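Participant: Fold the following and give me the result.
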Amino acid sequence: MRIFLVVSVAMFSGISSIHAADELLPPFGFRWNDPMTRVEAVLKGAKAQIVSREKKESREVWTVEGLVHPGLKRTLFTFKGRSLFGVELQYEYPDWTIERYNQRMGEIRKYFDEKYGTGKLVSRSRDTDTEVIQTLVGYQWVVGATMLELFYFSAQHDTLVFRTITVDYKAL
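Facilitator: The predicted structure is shown next:
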């Protein structure tokens, strides 16, 4: 009887964690298909600023600054049919070295791998054909009806360097 109980609890726990991973929600407490009005109200409550609103084909993209999270430079909210469809977090750390960016990228990837299974490498390129050296590395996880992508991008020309890590949530 004890074995049955232990196996039942283990199976139930496993099923619970599988169901939890079946749904990947956007950050900041939002839900997929939240209306623009709700997103705007939450952003205003957080004292974040919508610095631009652009219409692109059948979508509208808001660029938001001022959400408090270490290194978060800006967040892009994408709406389709006036409902939340995507959230892209763009992190920049001006004082970090490439080694620190690589370390942070590895930490985030490990976290997502442990939570959602091993991510798929979707991009690994280094372009040195021009004066600007560009590097792009990206991973992807698909959980239920959500795609999560993690990218590192770097562009360097002599001593000028731009680096960013993006975490992109998209409803499928």
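Participant: For this protein, give me the ranges with low pLDDT.
Facilitator: 1-22 (pLDDT under 70).
Participant: Show me where it has its strands.
Facilitator: Secondary structure of the chain (DSSP state E): strands at 49-56, 59-65, 72-80, 83-91, 120-127, 133-143, 146-157, 160-171.
Participant: closest to residue 114 out of these?
Facilitator: Nearest of the strands of the chain to residue 114, taken as C-beta to C-beta: strand 133-143 at 11.2 Å. C-beta coordinates here come from the backbone N, C-alpha and C atoms, glycine included.
Participant: Give me the helices and strands touching that closest one, please.
Facilitator: helix 98-116, strand 120-127, strand 146-157 (3 or more C-beta pairs under 8 Å, 6 or more residues apart in numbering; DSSP states H and E).
Participant: any idea of the angle the second one forms with strand 133-143?
Facilitator: If I follow you right, that is strand 120-127. 170 degrees (axes from the mean of the first three to the mean of the last three C-alpha atoms, to 10 degrees).
Participant: try the first one
Facilitator: Angular relation of helix 98-116 and strand 133-143 on a 0 to 180 degree scale: 10 degrees, by the same axes, to 10 degrees.
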